[in-house]
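Peer 1: quick one, fold the following:
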Amino acid sequence: MSTPPLPGSRGRPRSVEIIADGVPLSRRHARIARFCEKALMNAGFTTWAVSILLCGDERMTALNSRYRRRREATDVLSFPEEEGRKGEPVAGDLAISIDALRRNAAVFEVSENEEMKRLLVHGLLHLAGMDHGRGRRGEMLTLQERLLDTLQSEKIFGETRK
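Peer 2: The predicted structure follows:
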């Protein structure tokens, strides 16, 4: 789903596209796109071009095997186009396994809605050039939790009750 520039963005491109492969998409794609836009704005970014693939474990295993040489499904993968920094475009692709999302929600005893928001924010921060594996763990996870707190009332996916 592509969106036009928002008021005050001075013509800067802002788009979030949602694609489903093997999982139902229904009406939630618009809510997911709006959530991503709010998260990026709240993180201080002004431009972005993001596509999100919602898939099952089979597709995620193939992606993880191809790009990370791990023959297992994971919950979210990020493929940045560029290393982003505040004030610079955030661009790239995310893949989210709905099967893994549901498992995570059950294990952590949270709603699927809460888990989807966590996966989206985590993936978006990776697209923005943040990495929790290279000594910046505290910064990325602190921002992730701040964004999730700010956007906690957003209803974007599945059942919204714990």
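Peer 1: which strand residues bridge Ala20?
Peer 2: As for beta bridges, Ala20 partners with Leu54 under DSSP bridges.
Peer 1: from memory Asp75 sits against Ala100, does it?
Peer 2: Yes: between Asp75 and Ala100 there is a contact under Cβ atoms under 8 Å: 4.0 Å. Just so you know, the C-beta spots here come from the backbone N, C-alpha and C atoms, and that holds for glycine as well.
Peer 1: next, give phi and psi for the most centrally placed residue in the chain.
Peer 2: Residue closest to the mean C-alpha point of the chain, counted by Cα atoms, centre = their mean, is Leu120 at 2.2 Å. Main-chain dihedrals, Leu120, degrees, to the nearest 10: phi -60, psi -50.
Peer 1: now it: how far from Glu81?
Peer 2: Between Leu120 and Glu81 the distance, using Cβ to Cβ, to the nearest Å, works out to 17 Å.
Peer 1: mind jotting down where the helices sit in the chain?
Peer 2: With helices called from DSSP state H, the chain shows them at 28-42, 57-68, 98-108, 112-127, 137-150.
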